[in-house]
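# my questions concern the predicted model and sequence given below.
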Amino acid sequence: MNQKKYVILKKAVAVSAVAMMTLPTVANAKEVATAAETKIQGEQQAQVIQPNKKQESNKQMNEKQAATPYISGGTGFSNKFEALQDENGVVNVRTASNALVAIGIGVQTRTTIKIDPEIALPFFSTPNWKDYISGTVNRLRTIGIGNSQITMKKLLEKKTGIIAGYDEAYYDEKKQELVILTPTYVAAATQYQNVNMYVDLEKWSKDTGRLVENKPNYKFKMVSRPNDLAINWSWGDANSILMGVPEGSWAENKVDPTTLETSDNHNFKGKAVQNMDNRHDADFSIALTVNGIDYKKDVQIKEDGSWEYDFGSYLKDGDVIGATVIATEKEAHENAVMDINKSKETKFTVGEDSTPWIDWTVVEPTISDAYDGETMITGIIPEQNYQNGRTYSLAVKVNGKEVYTQDDIEKGIYNAPIFGANLVKGDQVEAYIIGHEANEEDKSSQLSSTIVKENKDEQADWDKWEVKSAILNDVTHGDREISGLVPAQNKFNGRNYEVKLTVNGQEVGKKAFSFDGGEYRIVLDKDLVFGDEVKATVIGHEENEEDKASEETAKIVSDKTGWEDWKVENPTISKLTEGDLKVTGQIPAQDEAFGRNYTVDLYVNDKKIGTKEAKSKSDYEFTLTTPLEKTDKVAVEVTGHQKNYEDKTSERITANVEAIVTALTGNDYNFDAHDEYITGTHSRDIKKVKIFVNNHDYQTSETNNDGEGKYKIYARQYITKFTDKIVVKGLDADGKVIKETPINNVKVPTSLEANPFVVKQDELISGAVSDDVKKIKLQVNGEIVNQVAPKAGKYEIYTNGYVKEATDDVKIIAFNDEDVLLKEIAVTLDDASKNSELTHNPYKLGDDLLTGTVSDDIEKIKLVVDGETLNNVKATDGKFSIYALGFVNANSKKVELVGYSKAGFELKRMTVEVQ
């Protein structure tokens, strides 16, 4: 109400006092004029509404009330819905509008009923729509006192004029509203118009073959205002919703949900067979969510209704998978929109790591601002925990009395209609959600509450009007739609809203909303790409005023495959020397998830000369057409490929070509086996090898005769004694000796054994050795930590606490008396703590003692608080009791119990949950 109206109101109240003394009135007009504002706090004024259940008639709507309706203070019209329900396909719309005073020349009331466009567009476009409307309208008689009833049929068909009267009913196609006019009165002490209309949508649907699009509910709006020069106005629209439309009637049937199952917690499948009776033809797909967040859209459904999707390694225990059938209609119908409908979401909890009942929290709903005279309570139902098959119900109260309940709710906007009464300034509105879990006690959220406000000037003031920002759901690479929620908005002055969506600054779609907001879902003509910027802006419209926009809500298109964090690991290059005709190296382990594959490129002097497929953890090899020179620069680079994504590359790894380093090696000669050949390796510059035994030249052989860079030379008949001195010499192309190497003459192989070692229990490692072993060294994780000399073929060596975990790399290394390494072996490790047990009894903050049990191998218990050891005790007969009161307080972030063996090794550690 603006300031001007407020001034008129005060004048009207004064004028009404005079009018009441001079105008005709009914028996209880004085009672009506002096009655205090009546709040919604008794059963006689507001009934509990439950969707899908038939509403009871308002028992207080008797003839006396019809003749002299109550008003909640003031002199403006009070508008409310008495009933809005479907009765066997016939929709009953029952409204009441009344005003205390109507003064002026030619007083007439105009009642408009705005029906949800999904119903109105197809229904009122039918040429004979009037045939399906019946009912009655109650209003004052023409003389201004007493009740007059007329049928809707007569109002729709009657002529108007001085003789016939100016009361009538018609549909305003431009404004999309049904208009009902009272007769014109010279003056009246009270003014009202109560409509009891029936719309036979079931017969209409059967006669025309038309179906109304399926919706959870259908919105209706009603208001009565002066249609003349009367000094009067309306307090505001009455809003309500139609729910509980049965299947197989005038509204399209719901989309059938899918089944959802898995045998391995990563590959999910289901059946989404659809019953197309009473449905528009559509294409179907599956949309998947994880913990309420969109994960994958457009999962294709096969002809038999089955579908399947593999999440790979993405899921973890406790995740809740949701599967919804999306029905995209194949053509636009009466509403001229390609509708997208969806089924109820089917949910599945992965694994067993779900939130237990004791830790489960039910999140409370929100309540939109509520104002004097309203007939609808709205708000938002937030995302909830659906693990363990949990379901939820909504309850709404006014002044402590329950007026609306709804079972099996899901996140989104809720609309709680009130029938038979209006909200009044000062009413307390409360809403809460009840959670249900099989075989468990119900849990309730906290109460959300608001106090009904008065319709004051500032609520409608354009300058103080704030358009609330849209909620934008997460968007990921490959998505073909954008979705989210428009919260309930300012409802004054007939304001309406739309959400505008942009991608990288380009508009991609809009959707219109009434003030109570709702979900939006915009289908795109191309997939979103990682890095795209998506923005949602809510724009408010008010007639004859400049539009207002909310702050932008923005999201950057993310990537569920981890592309952004994906790193291509660097390859290696084997040593290169001049003259080489091959470049070799290794491809390390690479990430092969989501179909990623790799190639490796070879560069010589910054010019790409080859590309090969590269597999994770594999070798690569390039063959060159010309030998490498010492001045060449060689580089390799791995490129990772993922479909529909930009390639990623590793660092370019370079290597210099080294000059040839003359090298010659010879393998040991086994005197016991009396080998026929001596073998070894050589550098490229060695062309021949010679064998010398005791300084005598016995044999010459070509190199590379045992493979590239390898040689073998006959020796058996020349080596006769174990003490023979054997030398192999390498010759260059000119026959000059450029390298020589001695050959070891060996007999019996070195024997080295190590007994298994138990971590956190044993202190030394023992074993046996052959006589040639003179020294034993202990190596832990690549570092020598101790050494001993064996005695009588046996040894014992202390670990000195260096072996701490069963995963440590522990080796025993044998040396001869010249400190030459003879042999090394890995020590088998076992963990003493693998069977250790440590439990504790529940501990509440303020308890003196922390108690529990231990296994026999645990001797001592320590209390560790936030990383600091504060107390310790010995276990007795498998039990312990440790003082904790002085060490554990409300500020303690982490409380632990640690069990130790007799030798002082940590065997078990556990976190204590302080209650």
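Thanks, I have the structure now.
# what residues of the helix or strand harbouring residue 295 count as buried?
Under the criterion of DSSP states H and E, residue 295 resides in strand 293-300. Neighbour-count burial for strand 293-300, with 16 or more other CB atoms under 10 Å as criterion, is recorded at 294, 295, 296, 297, 299. For the C-beta atoms, the positions are set from N, CA and C on the backbone; glycine is no exception.
# can you tell me the closest non-neighbouring residue to the fourth one?
Spatial nearest neighbour of residue 297, chain neighbours left out: residue 287 (4.9 Å); criterion: CB to CB, 6 or more residues apart in numbering.
# do the first one as well
Leaving out its chain neighbours, the residue that sits closest to residue 294 by CB to CB, 6+ apart is residue 473, at 5.5 Å.
# how much space between residue 359 and residue 735?
86 Å (CB to CB, to the nearest Å).
# kindly report the same for residue 485.
In terms of CB to CB, residue 485 sits 89 Å off from residue 735.
# how about the CA coordinates for whichever helix or strand comes after the strand holding residue 295, as CSV?
Under the assignment DSSP H and E, the closest C-terminal helix or strand after strand 293-300 is strand 306-310. C-alpha atoms of strand 306-310 as CSV (Å, rounded to 0.1, in the frame of the first residue of the first chain):
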residue,chain,number,x,y,z
SER,A,306,17.7,-50.6,-19.7
TRP,A,307,20.6,-48.3,-19.1
GLU,A,308,24.1,-48.5,-17.6
TYR,A,309,26.8,-46.1,-16.5
ASP,A,310,30.3,-46.8,-15.0
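# ok so, going back, what average pLDDT does the strand holding residue 295 get?
Mean pLDDT, strand 293-300: 88.
# packing partners for it?
Secondary-structure packing of strand 293-300 (3 or more CB pairs under 8 Å, 6 or more residues apart in numbering; DSSP states H and E): strand 282-290, strand 306-310.
# with mean pLDDT as added columns, please give those strands in a markdown table.
Below are the helices and strands packed on strand 293-300 laid out as a markdown table (pLDDT from 0 to 100):
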| stretch | mean pLDDT |
| --- | --- |
| strand 282-290 | 93 |
| strand 306-310 | 96 |
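# which one of those is the most hemmed in?
Of all the helices and strands packed on strand 293-300, strand 282-290 carries the top mean neighbour count, a mean of 19, counting by mean count of other CB atoms under 10 Å.
# contacts for that strand?
255, 258, 268, 270, 272, 274, 294-301, 307, 309, 311, 314-315, 319-330, 341-342, 345 (CB atoms under 8 Å, 6 or more residues apart in numbering).
# how about stretch 109-119?
Contact with stretch 109-119 is made by 77, 93, 95, 97, 99, 102, 120, 123, 139, 172, 175-182, 191-193, 195, 197, 201, 212-213, 215, 218-227, 242, 335, as judged by CB under 8 Å, 6+ apart.
# apply the buried test to the residues you listed and list what passes.
Among the contacts of stretch 109-119, those classed as buried by 16+ other CB under 10 Å are 77, 93, 95, 97, 99, 102, 120, 123, 139, 177-178, 180-182, 191-193, 195, 197, 201, 212-213, 215, 218-227, 242.
# in helices, which of the residues you listed appear?
By the criterion of DSSP state H, membership of these in helices covers 120, 123, 201.
# tell me the domain ranges of the chain?
3-34+68-242, 261-343, 461-556, 566-656, 669-746, 757-832, 836-912 (automatic domain parsing).
# average pLDDT for the fourth one?
This means domain 566-656. 94.
# do the same with stretch 746-766
For stretch 746-766, the per-residue pLDDT averages 89.
# output that stretch as PDB, nothing but the C-alphas.
C-alpha atoms of stretch 746-766 as PDB (Å, rounded to 0.1, in the frame of the first residue of the first chain):
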ATOM      1  CA  VAL A 746      85.400 -68.200  -9.500                       C
ATOM      2  CA  LYS A 747      84.500 -71.500  -8.000                       C
ATOM      3  CA  VAL A 748      81.600 -72.100  -5.500                       C
ATOM      4  CA  PRO A 749      78.900 -69.400  -5.400                       C
ATOM      5  CA  THR A 750      78.600 -67.400  -2.200                       C
ATOM      6  CA  SER A 751      75.900 -68.600   0.200                       C
ATOM      7  CA  LEU A 752      74.000 -66.000   2.200                       C
ATOM      8  CA  GLU A 753      70.800 -66.500   4.200                       C
ATOM      9  CA  ALA A 754      68.700 -64.300   6.500                       C
ATOM     10  CA  ASN A 755      66.000 -65.400   8.900                       C
ATOM     11  CA  PRO A 756      62.600 -63.500   8.900                       C
ATOM     12  CA  PHE A 757      62.500 -60.400  11.100                       C
ATOM     13  CA  VAL A 758      59.500 -59.300  13.100                       C
ATOM     14  CA  VAL A 759      59.100 -55.500  13.200                       C
ATOM     15  CA  LYS A 760      58.300 -54.100  16.600                       C
ATOM     16  CA  GLN A 761      59.400 -57.300  18.300                       C
ATOM     17  CA  ASP A 762      62.800 -58.500  17.200                       C
ATOM     18  CA  GLU A 763      66.000 -56.500  17.800                       C
ATOM     19  CA  LEU A 764      68.500 -58.400  15.600                       C
ATOM     20  CA  ILE A 765      68.600 -60.200  12.300                       C
ATOM     21  CA  SER A 766      70.400 -63.600  12.200                       C
END
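# what comes up buried for that stretch?
746, 750, 752, 754, 757, 758, 759, 760, 761, 762, 765.
# can you pull the contacts of residue 199?
90, 91, 93, 123, 132, 133.
# can you rerun that using 7 Å?
The contact partners of residue 199, taken as CB atoms under 7 Å, 6 or more residues apart in numbering, are 90, 91, 132, 133.
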